[in-house]
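Engineer: predicted model and sequence below, questions to follow.
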Number of protein chains: 2
Amino acid sequence: MRIVVIGGVAAGMSAASQAKRRAPSADVVVFERGGWISYASCGIPYNLIDPARTLDDLVVLQAEEARKDRGIDVRVRHEVLAIRPDRKVVEVRDLDQCAVREEPYDRLIVATGAAPVRPPLPGIDLPGVFVLRTLPEGAVLKRHLAESGPREAAILGGGYIGMEMAEALRRRGLAVTILERAEQILAGYHDEIARTALEELRRNEVRVQTGVSVAGIAQGTTPRLLVVQTDQGAVAADLVLVATGIRPDVALARAAGLKLGPSGAIAVDDRQRTNVPHVFAAGDCAEATHRVSGLPVWVPLGTTANKQGKIAGANAAGADERFAGIVGSAAFKLFDIEVGRTGLGMREVRELGLDAVASVSRHRTRGHSYPGSRTIRTVLFVERETGRLLGAQMAGGDAVAKRIDVFAAALQADMTVSEVEQLDLTYAPPFAPVYDPILIAAGVAMKDLAARKP
Amino acid sequence: MRIVVIGGVAAGMSAASQAKRRAPSADVVVFERGGWISYASCGIPYNLIDPARTLDDLVVLQAEEARKDRGIDVRVRHEVLAIRPDRKVVEVRDLDQCAVREEPYDRLIVATGAAPVRPPLPGIDLPGVFVLRTLPEGAVLKRHLAESGPREAAILGGGYIGMEMAEALRRRGLAVTILERAEQILAGYHDEIARTALEELRRNEVRVQTGVSVAGIAQGTTPRLLVVQTDQGAVAADLVLVATGIRPDVALARAAGLKLGPSGAIAVDDRQRTNVPHVFAAGDCAEATHRVSGLPVWVPLGTTANKQGKIAGANAAGADERFAGIVGSAAFKLFDIEVGRTGLGMREVRELGLDAVASVSRHRTRGHSYPGSRTIRTVLFVERETGRLLGAQMAGGDAVAKRIDVFAAALQADMTVSEVEQLDLTYAPPFAPVYDPILIAAGVAMKDLAARKP
């Protein structure tokens, strides 16, 4: 039995490890195009903050350890060029020797991940223009920060990477401008939440321009200077980060006849099987079922990649495990606040044709008169007729991420806001007021529903 | 319509406010024995830490405001001496004028709370010996700290108040010794959790003696010195805090024929009705239904008091609302760690005759290589046959309280540990590793269950 995995980061290494654990006698082979496997890519922006830390810190498992300790045949700098399902082989190029070989598989797991979108802008390939997704890309950027001492950064895109990198670069002492094409940063978040993030950015002297269209990047008057040309004027910078989004890396899959879903990522069932026999897919290249809508979606996140990888690995090794699906939980830190979401946002609600109320509330995070209390703003999306919770978003301090997790559990259990309001949550002055912001939000949503009953 | 409330703190004022909101034309009268209403008693230990803060900070609502802004007839320093359900009156003494009057009611809400147990020890009434439950008791203790400058405290009892006051008194610079009769501190917590708390106490130079029986308190060699006599020797102190527990304050209720439940607190149905017509009870004097066991329990906590009070008030005003019950969620801060629990503990599991596994795990709180990661220890109680989650306890840092809330939601939804393991929780390096300690704990529990299958 030979199990081949394409991609050696989150989903790929989870799959390989699980396959080997379930089928110790199987040959488990991982082909990874890059030089590292199994690294914590979500940690890259935080690592960049500290010049003293090496990016190697983020490597969870070395290829050598994977071989020795786990018995996985890891081959880094090996790029898979094609999948031939008819003959159950993959074509692999050894990037150091330039040799191309066919490698057979009994079971194949596609974990090719996602790649940054590089918009076809003039000047996108100039020196000083970066994307940030992989560890090598992080290393290039970190070296630039150390060696070129840039002072002004322009970030194209106001999504997660844009937010995290705005903080990282500010902490490295750079002036930072975010240029976002849409009218608000953080697409997919409610205006109340996006505005909170915007305030936090401005409080930390990050310039933010929204509704701005970038025409190109040009060389400035000195070798190091770049000029980002936009419909609202030019922005000078000596570092440009392109963070306009990512797309699933499905070229191999598509060419091999793997069915793609409506999102453009690989369609899988709850066992992580693709439409092609013996071929599984997992992680950022694959879809997942959203438990609230019941529909396939593409929400590329590290946790999901790890979980799907485990299931793909187990099933490739002969098990019959099912992925429970996602509710789309995500969170990030932005200077002194936390921002997070779970479930559907208003855009998804509309796309699904659901009739929902967006209920906005604010509440403090600590007990009456306890020092250091902060404010959390919450938006709940609630189905009007049934009161069913559809989604939750929060911004502020403290413990937003873990409060979002409470909503994630409520979504997974298909709770109504009335049931959320009845949750028996902990109360202690350092951690929560008598009525936690979660309960306050549910109470406000109940009132909003009652007020808007036809 | 005249709605009378006995007790003006958490449950009582929640009840009165809700009753007046629901029935604006009703007379709502609150009799409160003490001088303050509506204060955050859980905040007292934290307030004591800071000499500059006044305890008035903890008052959420002044009696005068309740009258003016909410139209509630609040009478402080009025002690109810008896309830006469046959004539629907209460006997009330005005403590300032010593007059006793009968006051009629149409609906009565008993919110008499709980009182500290004062064990019948010799010397328990000596100056320098304190209990801590009410705002006036807090004020007396705070004055003693400011004026007498005590240096050595002995705390009888290693429960919540003992823990919080050990921290408060250490922060005020006192040497602190906790004397606990049982073999471990924090009765009701698993040994793994209690040990974590013990380590944190010792790390902060709190002396802890367990399995120690206190025989009495004697005057020492100087007027200010006290000696706590125990079976393990004498402990000198100039401040003794008796924190050996609380009991529901049910003298009035019992005398009036209100039925008490198995716990000794007032038995209520899910509408907060007692066995006596037109009489409701809420808060620390009343039981609540535990949603995991389905049985009435007495778990006196501020959140439950507020929620029950609201429901009692609404129903006294003619509504028909139900209390969903509790899962027994509680948390506290102990120096640099958080400790919390929800659901059943091993003692309750045994009392109910359930066959359960206690599954212990440890995991870090932040992403791979993210700075400042802490450790959380988790104990899950899981029904062996079904895999149903029965309870969860955690200790460590960070965000233990809010993680316990995730388990509380899982309990409320009757989840199995397999379902908990499938929760889609947020992941971002500052807040959680890829697999949150919650998911790790559920995974370990699944393995423990599999290993111990007959």
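Structural biologist: Yep, it's here.
Engineer: what's the spatially closest residue to A:Ala23 that is not a sequence neighbour in contact with, if anything?
Structural biologist: Leaving aside its sequence neighbours, A:Ala23 sits nearest to A:Ala317 (Cβ to Cβ, 6 or more residues apart in numbering or on different chains; 3.8 Å). Every C-beta, even on glycine, is put in place using the N, C-alpha and C of the backbone. By Cβ atoms under 8 Å, 6 or more residues apart in numbering or on different chains, the contact set of A:Ala317 is A:Met1, A:Ile3, A:Gln18, A:Ala19, A:Lys20, A:Arg21, A:Arg22, A:Ala23, A:Ala26, A:Arg107.
Engineer: which ones among those residues map onto strands?
Structural biologist: A:Ile3, A:Arg107 (DSSP state E).
Engineer: which among the contacts of A:Ala317 end up buried?
Structural biologist: Those of those that meet the buried threshold are A:Ile3, A:Gln18, A:Ala19, A:Lys20, A:Arg22, A:Ala23, A:Ala26, A:Arg107, by 16 or more other Cβ atoms under 10 Å in any protein chain shown.
Engineer: and of these, the nearest to B:Leu61?
Structural biologist: Comparing the buried ones among the contacts of A:Ala317 against B:Leu61 with Cβ to Cβ places A:Gln18 closest, at 56.4 Å.
Engineer: ok, which stretches of chain A are helices?
Structural biologist: Using DSSP state H, the helices of chain A run over A:10-22, A:44-49, A:63-70, A:135-148, A:160-171, A:191-203, A:251-255, A:302-316, A:346-351, A:400-412, A:417-421, A:437-451.
Engineer: figure out which of those is closest to B:Ser14.
Structural biologist: That would be helix A:437-451 among the helices of chain A, by Cβ to Cβ, at 13.0 Å.
Engineer: okay, buried residues for the closest one please.
Structural biologist: Buried, per 16+ other Cβ under 10 Å, within helix A:437-451: A:Pro437, A:Ile438, A:Leu439, A:Ile440, A:Ala441, A:Ala442, A:Gly443, A:Val444, A:Ala445, A:Met446, A:Asp448, A:Leu449.
Engineer: dump the residues you listed into TSV; add distance to chain B and pLDDT as well.
Structural biologist: Output for these, formatted as TSV (distance: Cβ to the nearest Cβ, whole Å; pLDDT from 0 to 100):
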residue	distance to chain B	pLDDT
A:Pro437	11	98
A:Ile438	7	98
A:Leu439	8	98
A:Ile440	12	98
A:Ala441	13	98
A:Ala442	12	98
A:Gly443	10	97
A:Val444	15	98
A:Ala445	16	98
A:Met446	12	97
A:Asp448	17	97
A:Leu449	16	96
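Engineer: quick check, nearest of these to B:Gly113?
Structural biologist: Nearest to B:Gly113, judged by Cβ to Cβ, of the buried residues of helix A:437-451 is A:Leu439 at 21.8 Å.
Engineer: which ones are touching the closest residue to chain B within the stretch 51-200 of chain A?
Structural biologist: Per Cβ to the nearest Cβ, A:Asp57 is where the stretch 51-200 of chain A lies closest to chain B, at 4.0 Å. Residues near A:Asp57 by Cβ under 8 Å, 6+ apart: A:Gly43, A:Asn47, B:Ser369.
Engineer: same thing with A:Thr289?
Structural biologist: With Cβ under 8 Å, 6+ apart, A:Thr289 has these contacts: A:Asp270, A:Leu295, A:Pro296, A:Val297, A:Phe323, A:Gly325, A:Ile326.
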